[in-house]
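**Student:** next input, structure requested:
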Amino acid sequence: MSTFNDSNSESVWRQLAPLLEEAVTRLSENDRTLVALRYFENKSAAETAALLGIKEWAAHKRAARAIEKLRKFFVQRGVTLSGAAIAGAVSANSIRAAPAGLAAIISATALSGTTTTTAAVVAATKAIAMTILQKTIITAALVATVGAGIFEAHQNFESQKQIQNLQQQQDSLNGQLAQLQRERDDLTKRLDGLSAENTQLKSNSNQHELLQLRGEVGLLRTANAQKVSTDPTDEAAKGVAARVKQMKQWLEQNPNEKIPEFQYLTDQEWLRGASYSADWKTDDDFARALSQLRRDAKRTVANSIGEALANYIAGNNGQLPGDISQLTPYFNPPIDGTTLQRYQLLQTGSLSGIPINEPLIAEKAPVDDQYDTLFKISATGFSYEGTGTPWVNGSGKGNFGSNITGKIKPFERQ
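**Tutor:** Coordinates of the predicted model:
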C-alpha cells in the first residue's frame with residue numbers, strides 16, 4: 001500500500017487524478033460538499049463545521065468516512081492507497097483538481113481575503129463545461145462565501161430576538177419589584193402600628209402588675225411585723241442548724257479534718273454532732289466536736305465492716321481474707337473503696353485458732369491524736385479506744401446483729 005509524503009505526492013496524484021471525478025461522483029451530496037470544503041479548499045475542520053452548521057467532531061467523523069469511501073473506490077480500480085495519502089494528495093493538488101476558471105476564483109479569494117459573490121461564481125461556471133466534480137466544487141465555494149453572510153445574518157436575528165426577550169423579562173421583573181416594594185411599605189406600616197399597640201398594652205399591664213405586687217409586699221411586711229415567735233423549740237432548732245452549717249464550713253476550710261466515713265452520716269447524726277459542743281468559738285471547740293462526729297461516722301462503718309467480715313468467713317469455710325479489699329463484694333449496701341482503705345487486717349488464716357474476741361481488723365491511724373478514737377473489729381463486734389487511753393468498755397461496745405453476736409454460726413470453729 002502506498003503511503004503519502006512530500007516525495008511521492010506527485011506519483012500518488014498521477015494515480016488519483018484520472019479516477020478522482022468518478023470517485024467523488026459516487027459520494028453523497030453532503031459528503032461531496034464536505035470533501036470539497038475540507039480538501040479542495042483546505043478549510044479547517046472547525047471552519048468546515050461552521051459553514052455546514054454541524055459540530056466540529058461531526059465534521060472530523062464525516063470527513064474520515066468520505067475518505068474511506070474514496071479509498072475503497074480506488075482499491076476496486078487497482079489503486080491501493082491509504083486514506084491519509086488520498087487526503088494529502090487532494091489537498092496538495094486542490095487547485096489542479098478544480099476547473100481552471102473556478103480554481104482562479106478560489107485562489108484569488110483565498111489570497112485577497114475578499115468574499116466571492118454569487119455572480120462571480122456563476123460567471124465562472126458559464127465559462128467552463130461543468131462536470132459533476134466541478135458542480136461540487138462550485139457548491140462548496142458558494143457555501144463558503146455566501147453561507148458566511150447568511151450565518152452572520154441569522155446570528156444577528158437570533159441576538160436581536162434574545163435582546164427583546166431579555167428586555168421583556170427585565171420589564172416583568174421591574175413590575176414585580178415595584179409590587180414587592182409596595183407590599184413591603186404596607187407591611188412596615190402595619191408592623192409599626194402593631195408595635196405601638198403592643199407597647200401601650202405592656203405599659204398598662206406592667207402598671208397593673210406593679211400595683212398588685214406592691215400591695216402583696218405591703219401585706220407580707222405587715223404579717224412579718226405582727227409575727228413574733230415565742231416557741232423556744234424553734235429557736236433551739238435554728239441554733240443547731242446554724243451550728244451544723246458552721247461545722248461544715250469549718251470542714252471545707254480544714255479538709256484534713258475530714259474522713260470519708262462522713263458520707264454515711266444521716267441528717268439526724270449531723271444535728272446530734274452539732275450539739276456536742278455548746279460553744280463554737282475556738283479551734284479546740286471544733287476539734288472536740290468533730291472528733292465525736294468522726295466517732296459516730298466510724299461506728300456506722302465498723303458495723304458494716306463487721307457484717308461483711310462475718311459473711312466472708314461464712315462463705316470461705318472459716319478462713320479470714322488475705323487482704324482487706326477481698327471484703328468488698330460482701331458489703332450490702334456497697335462501701336466506698338477509699339473508706340475501706342482506712343482499715344487494715346490484724347489476722348489472717350483460719351478463724352479457728354484465734355480467740356473469739358480477738359480484734360481482726362483495726363483503723364490504721366487517727367485524724368486527731370489528742371481527741372480521736374481508734375476502732376477495732378472482731379468476729380463478734382467492735383470496740384474503740386481513745387488515743388493513748390485504755391479500751392472503752394460498756395458504752396464503747398457495738399455489735400452487728402444476732403447472726404454474729406457471740407454466736408459461732410454461720411461459720412464454725414474447729
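**Student:** roughly how far apart are Lys258 and Ala289?
**Tutor:** Distance, Lys258 to Ala289, by C-beta to C-beta, to the nearest Å: 14 Å. Every residue, glycine included, has its C-beta placed from N, CA and C.
**Student:** give me the more crowded residue out of those two.
**Tutor:** The neighbour comparison of Lys258 against Ala289 (other C-beta atoms under 10 Å) goes to Ala289, with 23 against 14.
**Student:** so that one touches Lys281, yeah?
**Tutor:** No: Ala289 is beyond contact range of Lys281, at 11.4 Å (criterion: C-beta atoms under 8 Å).
**Student:** residues contacting the closest residue to Gln341 other than its chain neighbours?
**Tutor:** Excluding its sequence neighbours, the residue lying closest to Gln341 (C-beta to C-beta, 6 or more residues apart in numbering) is Ile324, at 7.3 Å. Residues in contact with Ile324 (C-beta atoms under 8 Å, 6 or more residues apart in numbering) are Leu340, Gln341, Tyr343, Gln344, Leu345, Ile361.
**Student:** the last one reaches Ala379, doesn't it?
**Tutor:** No: taking contacts as C-beta under 8 Å, Ile361 lies outside contact range of Ala379: 9.9 Å.
**Student:** now the stretch 151-300 of the chain, which segments are flagged as low pLDDT?
**Tutor:** Scanning the stretch 151-300 of the chain for pLDDT under 70 picks out 151-155, 222-236, 277-279.
**Student:** please enumerate the strands of the stretch 201-350 of the chain.
**Tutor:** Taking DSSP state E, counting those that start in this stretch, the strands of the stretch 201-350 of the chain run over residues 343-345.
**Student:** how about low-confidence regions in the stretch 301-414 of the chain?
**Tutor:** 388-414.
**Student:** of the contacts of Ile324 - the most surrounded one?
**Tutor:** Ile361 (25 neighbours).
**Student:** can you give me the end-to-end distance of stretch 249-258?
**Tutor:** End-to-end distance of stretch 249-258 (C-alpha to C-alpha, to the nearest Å): 12 Å.
**Student:** these two touch, right, Thr300 and Glu261?
**Tutor:** Yes: assessed by C-beta under 8 Å, Thr300 is found in contact with Glu261 at 7.1 Å.
**Student:** which one of those two has more residues nearby?
**Tutor:** Shown here are Thr300 and Glu261; by other C-beta under 10 Å, Glu261 has more neighbours (25 against 15).
**Student:** the closest residue in space to the more buried one that isn't next to it in sequence: what's it in contact with?
**Tutor:** Excluding the flanking residues, the one nearest Glu261 by C-beta to C-beta, 6+ apart is Ala297, at 3.8 Å. By C-beta under 8 Å, 6+ apart, Ala297 lies in contact with Ile259, Glu261, Phe262, Tyr264, Leu265, Glu269.
**Student:** any idea how far Thr339 is from the third one?
**Tutor:** Note on Phe262: its distance to Thr339, by C-beta to C-beta, is 10 Å.
**Student:** again, but for the first one
**Tutor:** In this structure, Ile259 and Thr339 are 8 Å apart, going by C-beta to C-beta.
**Student:** and the fourth one, by the same measure?
**Tutor:** The spacing between Tyr264 and Thr339, counted by C-beta to C-beta, is 8 Å.
**Student:** name the residues contacting each of the two.
**Tutor:** Joint contacts of Tyr264 and Thr339 (C-beta under 8 Å, 6+ apart) are Val301.
**Student:** show the average pLDDT along stretch 54-71.
**Tutor:** Mean per-residue pLDDT for stretch 54-71: 92.
**Student:** again, but for stretch 26-43
**Tutor:** So the average pLDDT for stretch 26-43 ends up being 89.
**Student:** all helices of the chain, in order?
**Tutor:** 9-25, 29-35, 45-52, 56-76, 83-92, 94-97, 100-112, 118-126, 132-226, 232-253, 267-274, 283-315, 337-340 (DSSP state H).
**Student:** the fourth one vs helix 45-52, what angle?
**Tutor:** Spelled out, it's helix 56-76. 100 degrees (axes from the mean of the first three to the mean of the last three C-alpha atoms, to 10 degrees).
**Student:** and helix 56-76, what's buried?
**Tutor:** By neighbour count on 16 or more other C-beta atoms under 10 Å, the buried set for helix 56-76 is Ala59, Arg62, Ala63, Ala66, Ile67, Lys69, Leu70, Arg71, Phe73, Phe74.
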